[in-house]
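> I need the structure of the sequence given here:
(one chain, ligands or ions: 1)
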Amino acid sequence: MEKIVYVDNAATTPCDPRVVEVMTRALSGACGNPSSHYSVGYEAKEFVDTARAQVAKALNASPDEIYFTGCGSEADNWAVKGAALTKARQGKKHLITSAFEHHAILHSMRSLERIGFEVTYIKPTPEGFIRPEDVEAALRDDTALVTIMMANNEIGTIQPIKEIAAICKKHGVWCHTDAVQAVGAIPVDVKELGVDMLSLSGHKFNGPKGVGALYCRKGVWPQNLIDGGSQEARHRAGTENVAGIAGIGLALELATATLDEKMAHERTLRDYVIDRVLNNIPEARLNGSRENRLPGNVNLSFPGLEGETILLDLDMHGICASTGSACNSDSLDPSHVLLSIGVPEEIGHGSMRFTFGPQNTMEEAEYLCETLEQVIPRRRAMSCMWLEGQNTARDFSLKGEH
Ligand code: PLP
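Got it, this is the predicted structure:
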């Protein structure tokens, strides 16, 4: 197979040609500033207004609850730091999150800890879920915010956000969810979920990179992070990325229109790969629950090997995958997500994430499995870690059976 098999759709997705087309129109035609009061300014504003309506419709929000940002990380930073600063004025300086959030949340928490906020990190279950009762038990009178991700970016487990948001509402605490991996992948309805804030990012659903959005329920005001002009209803200054915004709006409209079909397709590929690998490769194990998992997510450990070795071998066969989250791919530290669900360090090191999108085919899923079936035994035969890896894997699965 000569072509590239791209199975890293949780890292980013290819831009839909229809999205490229609307972005090209926005870039080449609407030369005005959306804040300017003349025709080409209005033309640019029209792209922004259309996209805001598209994003709002997809989330069941109203357009004035959608704020465009520079990326999903910015939306997360804004929700966490902005909510902390707003609530600190009422003496509330405690935040709750989970131990396996994306670094956009975890590092925001670290920054707040350095200036006197206290953070509780809830540990997920071994299956990869945050238990609502653990969130409720962690609440305090001075809790400013609860933020739990909607779907984990490494193991794909979908969190009980509706239940968590209901608990927050009962206790009068703001609830944010990082839905960057969920929006465009599974149904997301902010009213149904009952969250106060929700982050999303365009490049995860066949839209452009470098544009995201924060949903803020009416009446919820995280303090601004970027001050300046009056863009985004005075809450996020800076001349709008008109083409990027036009792109994210259309991409989300397209992803939502075909969501059922897209989910069914990705689920077929995911289940095929999980079943075939677990049957054919000794000691391979699936990380995270099989139930309540993103339709396109496969995360497997191959004890006795380093993920980086597998990654390079796959690359030589034209397969693009990941050893963990994209933002961590420069680091050889074991994944904080796998450690948080109790995967031993040695097994965590040999983990791979394969994530499918609508453009992947069954032929590609078969090719991925065939390649793993060649590469893993060959590398293991050369690996002095393999014997030890088998023992660790057996001890770990025996522990799981108690
Ligand atoms: N949150 C999650 C769960 C993610 O997976 C990512 C990106 O991988 C982000 C936030 C950051 O989004 P962005 O790349 O748009 O900054």
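
> how long is stretch 153-163 from one end to the other?
Distance across stretch 153-163, first residue to last, is 20 Å (Cα to Cα, to the nearest Å).

> for that stretch, which positions count as buried?
Neighbour-count burial for stretch 153-163 flags N153, E154, I155, G156, T157, I158, Q159, P160, I161, E163 (criterion: 16 or more other Cβ atoms under 10 Å). For glycine as for every other residue, the C-beta is placed from the backbone atoms N, C-alpha and C.

> For the ligand, state which of the residues you listed is nearest.
Nearest to the ligand out of the buried residues of stretch 153-163 is N153 (Cβ to the nearest ligand atom; 3.3 Å).

> Give me the below-cutoff pLDDT ranges for this protein.
Scanning the chain for pLDDT under 70 picks out 1-2, 324-332, 387, 398-402.

> Look up how far L198 lies from A75.
Separation of A75 from L198 (Cβ to Cβ, to the nearest Å): 8 Å.

> do the same with A381
On the measure of Cβ to Cβ, A381 and L198 end up 48 Å apart.

> what separates the residue in the stretch 1-150 of the chain positioned nearest to the ligand from M197, distance-wise?
At 2.7 Å from the ligand, G72 is the closest residue in the stretch 1-150 of the chain, using Cβ to the nearest ligand atom. As for G72, its distance to M197 is 13 Å (criterion: Cβ to Cβ).

> if I look at A75 and L198, which residues touch both of them?
Here A75 and L198 share the contacting residues L214, scored by Cβ atoms under 8 Å, 6 or more residues apart in numbering.

> all helices for the stretch 51-200 of the chain, in order.
For the stretch 51-200 of the chain, the helices defined by DSSP state H, counting those that start in this stretch occupy 72-77, 83-88, 103-114, 132-138, 161-171, 190-193.

> which residue sits closest to the residue nearest the centre of the chain, ignoring its sequence neighbours?
Most central in the chain under Cα atoms, centre = their mean is Q181, positioned 3.0 Å from the mean C-alpha point. With Cβ to Cβ, 6 or more residues apart in numbering as the criterion, Q181 has its nearest non-adjacent residue at 4.3 Å, and that residue is A151.

> for K81, same thing?
S108 (5.7 Å).

> wait, what's in contact with the one you found?
So S108 contacts D76, N77, V80, K81 (Cβ under 8 Å, 6+ apart).

> which parts of the stretch 101-250 of the chain sit against the ligand?
H102, A104, M149, N153, D178, V180, Q181, S201, G212 (Cβ under 6 Å from any ligand atom).

> residues contacting the closest residue to V180 other than its chain neighbours?
Spatial nearest neighbour of V180, excluding adjacent residues (Cβ to Cβ, 6+ apart): G72 at 4.1 Å. Shown in contact with G72 (Cβ under 8 Å, 6+ apart): A104, D178, V180, S199, L200, S201, K204, G212.

> Surely G342 and E127 touch.
No. Using Cβ atoms under 8 Å as the test, G342 is too far from E127 to be in contact (10.0 Å).

> For the stretch 201-350 of the chain, which residue gets nearest to the ligand?
Across the stretch 201-350 of the chain, the shortest distance to the ligand (Cβ to the nearest ligand atom) belongs to S201, at 3.3 Å.

> Am I right that that residue is in contact with V180?
Yes. The criterion here is Cβ under 8 Å, and S201 meets it with V180 at 4.6 Å.

> what touches both of these two?
The contact lists of S201 and V180 share G72, A75, G212, where a contact means Cβ under 8 Å, 6+ apart.

> burial measure for the second one, as a count.
So that's A75. 29 (other Cβ atoms under 10 Å).

> got it, and the last one?
Neighbours of G212 under the rule other Cβ under 10 Å: 28.

> Most neighbours of all the contacts of S108, which one?
V80 (32 neighbours).

> Deepest-packed of the helices of the stretch 51-200 of the chain, please.
helix 72-77 (a mean of 25; mean count of other Cβ atoms under 10 Å).

> Just the strands from this protein, written as ranges.
5-6, 66-69, 94-98, 118-122, 143-147, 174-178, 197-201, 212-216, 285-286, 297-301, 319-320, 351-355 (DSSP state E).

> Pairing partners for the first one, with directions?
In other words, strand 5-6. strand 319-320 (parallel) (DSSP bridges).

> thinking in terms of the whole chain, how far from its middle is the strand it pairs with?
Centroid displacement of strand 319-320 relative to its chain, using Cα atoms, centre = their mean, to the nearest Å, is 20 Å.

> Same check on stretch 71-86?
15 Å.

> Is E283 in contact with T392, as I believe?
No. Between E283 and T392 there is no contact under Cβ under 8 Å: 9.3 Å.

> thinking again about what came up before, OK, contacts around the residue of the stretch 201-350 of the chain closest to the ligand?
S201 neighbours (Cβ under 8 Å, 6+ apart): C71, G72, S73, A75, V180, V183, V211, G212.

> How many neighbouring residues does E345 have?
Neighbour number of E345 under other Cβ under 10 Å is 12.

> Also the one 3 residues further on?
Each residue near G348 was counted by other Cβ under 10 Å, and the total is 23.

> My read is that it contacts P334, right?
Yes. If you go by Cβ under 8 Å, G348 and P334 touch, sitting 4.0 Å apart.

> re earlier: how near is the residue nearest to V180 to A365?
With Cβ to Cβ as the criterion, G72 and A365 are 27 Å apart.

> and what of F100?
F100 is 27 Å from A365, by Cβ to Cβ.

> Between these two, which is the more surrounded one?
Set F100 next to A365 and count neighbours by other Cβ under 10 Å: F100 wins out with 29 against 22.

> That one and T125 touch, don't they?
No. Counting by Cβ under 8 Å, T125 is not a contact partner of F100; they are 10.7 Å apart.

> Find the residues that touch each one of these two.
With Cβ under 8 Å, 6+ apart, F100 and T125 have common neighbours I341.

> which residues touch M150?
I158, Q159, I161, T177, D178, A179, Q181, A182, V188, L198.

> Report the contact partners of W174.
A83, K87, A144, L145, V146, C168, D196, M197, V220.

> could you redo the last one with a cut-off of 6 Å?
Listed by Cβ atoms under 6 Å, 6 or more residues apart in numbering, the contact set of W174 reads A83, L145, D196.
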